[in-house]
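# can't give you the sequence, but here's the structure:
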């Protein structure tokens, strides 16, 4: 009898613990929800197709390539109130990434960054799945860009006057 009681207690505890883990949705799923492709999976398999480049190489590619399209993968409200790389295009809402890249040449150089290389991998993976061939991601994100001393465009906050 003690054996069965111990077994039941063990099963209940184990069941409650695994159920709690299922309730804690990873932040990754919340990040993915902001983009068109909800099945991102493992990003590392694309590292041989695209380039994860440091700030110096990212800057060189922007400067030396005739036509680059720069994507700021941070949330739009962060883009609007924070510094960004000159010429960067923000992702304004879900579906906007698909809209803003629909007319781009699939061979065009596309440069992607975010604050700390958190959201940019998902954008890069989406672009690769969409058929783009020259996609580069800024290793370390905007923080790495600024740490090297490259310039950013500072956003001016609009002042509202009352009265």
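Structure's in. What do you need? Worth saying up front: this structure is predicted, and the values here are computed from it rather than measured.
# Can you show me the helices along this protein?
2-23, 27-32, 55-64, 76-81, 96-101, 120-129, 141-148 (DSSP state H).
# pLDDT of the first one, averaged?
Okay, so that is helix 2-23. Averaged across helix 2-23, the pLDDT comes to 45.
# go on, the third one?
Confidence for helix 55-64, expressed as mean pLDDT, is 94.
# So for that helix, what gets flagged as buried?
Buried residues in helix 55-64, counting neighbours by 16 or more other Cβ atoms under 10 Å, are found at 55, 58-59, 61-62. Using the backbone N, CA and C atoms, a C-beta is placed for each residue, glycine as well.
# now swap in the fifth one and tell me
Residues of helix 96-101 classed as buried: 97, 101 (neighbour count, 16+ other Cβ under 10 Å).
# Check which helices and strands that helix sits against.
strand 68-72, helix 120-129 (3 or more Cβ pairs under 8 Å, 6 or more residues apart in numbering; DSSP states H and E).
# Enumerate the positions of the longest one that are buried.
Think helix 120-129. Across helix 120-129, burial judged by 16+ other Cβ under 10 Å covers 120-128.
# is it true that residue 76 touches residue 97?
No: the pair residue 76 / residue 97 is not scored as a contact, 11.4 Å apart, by Cβ atoms under 8 Å.
# Could you measure from residue 105 over to residue 133?
Taking Cβ to Cβ, to the nearest Å as the measure, residue 105 and residue 133 are separated by 9 Å.
# Having no further points to raise, I will conclude here.
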